[in-house]
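Asker: Have a look at this fold, sequence not included:
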């Protein structure tokens, strides 16, 4: 018996329509003895179905016997170490790389990266990895074997540096996704059981925008009314609001609130936040909603839908929203206390994500940056960094400066100040007579 994820992937592929040229381009590259390109860059605005197309590419590559590695920029810290760690987790092992393994340091190592089968790397939501673009182009991809095929999907076209590099110029193919044409749109509506009499109207309203079209199908299936103006400037926002109107107050509405709040939603989170014995059924219901996507950690709303959904649900029932917020936060904090390593770092990002839109919070934390950098243990080759930071802090505060001067001559071992806990303990000493032996370590 297969997993729910496999069942979902199969159902989505059956209902996938259009993009014939893109599929044929990718299929031909897989079949060629010498691939006509090394990187396929797919770009277009949100809601055009880039992730769905990547699902199809993954299925085609697996059918061709390739080793498929999928990465999502939303789940990665935009750093070389994070990307290499994700690659190691997916391709290292008994059936992973041949020859040199992916190094833990990665930055200074130029060992080639290859697999026993043909390697196909699919990188989705590439806009979140924009700071890595130069490194990926100049350091990582050149280490792949010549048979490897990489697909990048994001909202922005490739940077000019890709075209300017004569080496990459002939190894890059760029595809711009657009709305579905009327024929593909009708095929989509037929696949979802929409009456032919409604096709022209729904295509006129959505202009073939895949997410807008899927929302219209969901809305009509639940008995909701479609917008009357095909020139509605924010079609997705209007459709989301009307979709929520069709969801009765109760478990399904609460499940949507949890999904809009949390970075990712799982059955265990639904159970903890809602106290619902029906968490399994609610999770399956969420998966069927057109604007809900699935990932390795759980399900989450499409980027275009999340903030609209969150604001609308908060406005409808503020008290219930606050209670669910508290329940979700309690669940995440419980996970934080029991997790370690990379799992703990993901949980920290989950906690940070909860507070992203909370009004009235005054905090020294840079919410945009926090969660994009994972703390690492201090290394022997970095002995001076904490000391420099301590000295810089002292330079900006007279009291800290006075304490710094005192403790610099008082501690038995000045190097011990490189331990932040020791330094903080000494700086807090009002008498200036602290010794490293007195400080907690």
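Answerer: That came in fine, so what should we check first? Because the structure is predicted, anything quoted here is derived from the model rather than measured.
Asker: Would you agree residue 330 is in contact with residue 275?
Answerer: No - under the criterion of CB atoms under 8 Å, residue 330 makes no contact with residue 275, lying 11.7 Å away. Where you see a C-beta, it was placed from the backbone N, CA and C, and this is true even at glycine.
Asker: Name the nearest residue to residue 246, ignoring sequence neighbours.
Answerer: In this structure, residue 246 finds its nearest non-sequential neighbour in residue 222, 4.0 Å apart by CB to CB, 6 or more residues apart in numbering.
Asker: can I assume residue 77 sits in a strand?
Answerer: No - counting by DSSP: H, G, I helix; E, B strand; the rest coil, one finds residue 77 to be coil, located in no strand.
Asker: For it, give its distance to residue 188.
Answerer: As judged by CB to CB, to the nearest Å, residue 77 and residue 188 stand 36 Å apart.
Asker: between those two, who's got more neighbours?
Answerer: A direct count of neighbours by other CB atoms under 10 Å for residue 77 and residue 188 places residue 188 higher, at 24 against 20.
Asker: and residue 330, how far is that from residue 158?
Answerer: Taking CB to CB as the measure, residue 330 falls 43 Å from residue 158.
Asker: the more surrounded of the two?
Answerer: Taking neighbours as other CB under 10 Å, residue 330 and residue 158 compare with residue 158 leading, 18 against 12.
Asker: pretty sure the more buried one contacts residue 175?
Answerer: No - in this structure residue 158 lies outside contact range of residue 175 using CB under 8 Å: 10.7 Å.
Asker: Now the common contact residues for the two.
Answerer: 41, 43 (CB atoms under 8 Å, 6 or more residues apart in numbering).
Asker: what's the helix or strand for residue 69?
Answerer: Assigned by DSSP states H and E, residue 69 falls within strand 67-72.
Asker: Residues contacting that strand, please?
Answerer: Strand 67-72 has contacts (CB under 8 Å, 6+ apart) with 54, 58, 61-62, 83, 86-87, 90-91, 115-125, 295-296.
Asker: Report the buried residues of the helix or strand following it.
Answerer: The helix or strand immediately downstream of strand 67-72 is helix 80-91, counting by DSSP H and E. Across helix 80-91, burial judged by 16 or more other CB atoms under 10 Å covers 80, 82, 83, 84, 85, 86, 87, 88, 90, 91.
Asker: likewise stretch 314-333?
Answerer: Residues of stretch 314-333 classed as buried: 314, 321, 324, 325, 327, 328, 329, 331, 332 (neighbour count, 16+ other CB under 10 Å).
Asker: before we move on, what about stretch 129-145?
Answerer: With burial defined by 16+ other CB under 10 Å, the residues of stretch 129-145 counted as buried are 129, 132, 133, 135, 136, 137, 139, 140, 141, 143, 144.
Asker: okay, the angle between the strand holding residue 69 and helix 80-91?
Answerer: Per axes from the mean of the first three to the mean of the last three CA atoms, to 10 degrees, the angle that strand 67-72 makes with helix 80-91 is 140 degrees.
Asker: In its sheet, which strands sit next to strand 67-72, and in what direction?
Answerer: strand 119-124 (parallel) (DSSP bridges).
Asker: residues in contact with the partner strand?
Answerer: Contacts of strand 119-124 (CB under 8 Å, 6+ apart): 30, 50-51, 54, 57-58, 61, 66-74, 91, 113, 129, 144-145, 147-154.
Asker: how about a cut-off of 6 Å?
Answerer: By CB atoms under 6 Å, 6 or more residues apart in numbering, the residues outside strand 119-124 that reach it are 51, 54, 61, 66-72, 148-153.
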